[in-house]
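[1] Let me see the structure of the following:
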Amino acid sequence: MAVERVFDPKTLAIAAALASRTLPSPRRRLAAFAVDYCLLLAPTVATALFFSGLALRVTDPAGFRAVRQAAFAFPEEPAAQRAMMRDLTPVLARFDADGLPAAVKADVEAGDVDRAADRLKSAKILIALDLGGGAPASLPPGTIRLPIERLIPVGLRNAALFLVPALYFAIATSRRGTTIGKRLFGLEVVRLDGRPLSLLQGLERFGAYFAVLGTLGLGLLDLWRNPNRRLAHDLAAETVVVRRRIAAAPDR
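    Predicted coordinates for the structure are as follows:
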């Protein structure tokens with residue numbers, strides 16, 4: 001026989017020590033998050049680039065080598081340049097490189113890669129990385145531009161953009177109770193019941209960040225509206241952000 005679960009107010013118990021903790025201002029909370037966001041930018045981009053190279057290397061090893069040559073070590077010898085362009089042209093066509101002539105794409109689709117490569121023998125190839133921006137309004141004549149992020153399958157791209165921040169916030173808050181940004185501004189994350197935050201709860205807390213996006217940013221108003229300045233991710237993980245206590249220096 002199934003036992004019905006009833007509401008248990010004891011699970012909502014608040015640690016007595018929290019009653020005297022100072023809450024940070026909304027400006028301090030937002031500043032700490034901005035610092036963490038800036039710190040995460042480089043490793044997130046690096047992870048996305050890694051996934052991009054890995055995906056291309058698995059599906060098209062020759063194309064991967066050609067993209068790497070075009071980006072870092074453009075060959076000087078005409079024969080090496082032609083060999084690189086022969087491997088690179090199908091990649092440019094497959095991922096709709098900006099400025100790629102329609103005739104080149106038609107040649108690739110017809111299987112005439114040599115002719116397509118010959119059409120681009122005098123072209124300037126740019127391997128670009130767009131950090132949230134779009135393609136330029138116009139390109140100089142004879143310039144072909146391939147944004148690297150197009151090489152990443154959508155699923156892998158989302159994984160790269162999600163994985164690094166998820167691990168960072170979950171590990172930092174569960175192990176130390178604070179991220180680098182929060183530490184700089186004297187903040188820490190604590191559970192309402194005073195117990196340590198687990199890694200799973202840290203991941204749950206990070207996942208609830210997207211609730212702010214779901215409300216088009218209106219959820220941030222809880223920094224002013226909620227009496228304890230708890231946002232959606234605090235409510236999900238039963239946490240609160242407070243000012244850190246500075247330990248007194250020992251007497252000598």
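[2] those helices in the stretch 1-150 of the chain, which residues are they?
    Here the stretch 1-150 of the chain has its helices, by DSSP state H, counting those that start in this stretch, at 26-59, 61-72, 78-94, 102-109, 113-119.
[3] Redo those helices as JSON lines? Include distance to residue 206, mean pLDDT and mean neighbour count.
    No exception for glycine: its C-beta is placed from N, CA and C like everyone else's. Compiled in JSON lines, those are given as follows (distance: least, Cβ to Cβ, whole Å; pLDDT from 0 to 100; neighbours: other Cβ atoms under 10 Å):
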{"stretch": "helix 26-59", "distance to residue 206": "11", "mean pLDDT": "87", "mean neighbour count": "16"}
{"stretch": "helix 61-72", "distance to residue 206": "32", "mean pLDDT": "89", "mean neighbour count": "18"}
{"stretch": "helix 78-94", "distance to residue 206": "35", "mean pLDDT": "92", "mean neighbour count": "19"}
{"stretch": "helix 102-109", "distance to residue 206": "41", "mean pLDDT": "94", "mean neighbour count": "15"}
{"stretch": "helix 113-119", "distance to residue 206": "45", "mean pLDDT": "93", "mean neighbour count": "18"}
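[4] I'd like these laid out as TSV, including distance to residue 214.
    Converted to TSV, those look like this (distance: least, Cβ to Cβ, whole Å):
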stretch	distance to residue 214
helix 26-59	17
helix 61-72	36
helix 78-94	34
helix 102-109	39
helix 113-119	45
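[5] give the contact list for residue 16.
    Contacts for residue 16 (Cβ atoms under 8 Å, 6 or more residues apart in numbering) come out as none.
[6] Residue ranges of each domain in the chain, please.
    If you go by automatic domain parsing, the domain ranges for the chain are 19-43+156-243, 60-152.
[7] And those domains: which comes nearest residue 7?
    domain 19-43+156-243 (15.8 Å; Cβ to Cβ).
[8] and that closest one, how far apart are its ends?
    One end of domain 19-43+156-243 to the other measures 13 Å (Cα to Cα, to the nearest Å).
[9] Just give me how far that domain sits from the chain centre.
    What separates the centre of domain 19-43+156-243 from the centre of its chain is 16 Å, taken as Cα atoms, centre = their mean, to the nearest Å.
[10] quick revisit: can you lay out the domains of the chain as JSON lines showing distance to residue 50?
    Output for the domains of the chain, formatted as JSON lines (distance: least, Cβ to Cβ, whole Å):
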{"stretch": "domain 19-43+156-243", "distance to residue 50": "8"}
{"stretch": "domain 60-152", "distance to residue 50": "10"}
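[11] Which of those sits closest to residue 8?
    Nearest to residue 8 among the domains of the chain is domain 19-43+156-243 (13.0 Å), distances taken as Cβ to Cβ.
[12] burial count for the nearest residue to residue 15 once chain neighbours are set aside?
    Spatial nearest neighbour of residue 15, excluding adjacent residues (Cβ to Cβ, 6 or more residues apart in numbering): residue 194 at 3.1 Å. Residues within reach of residue 194, counting by other Cβ atoms under 10 Å, total 12.
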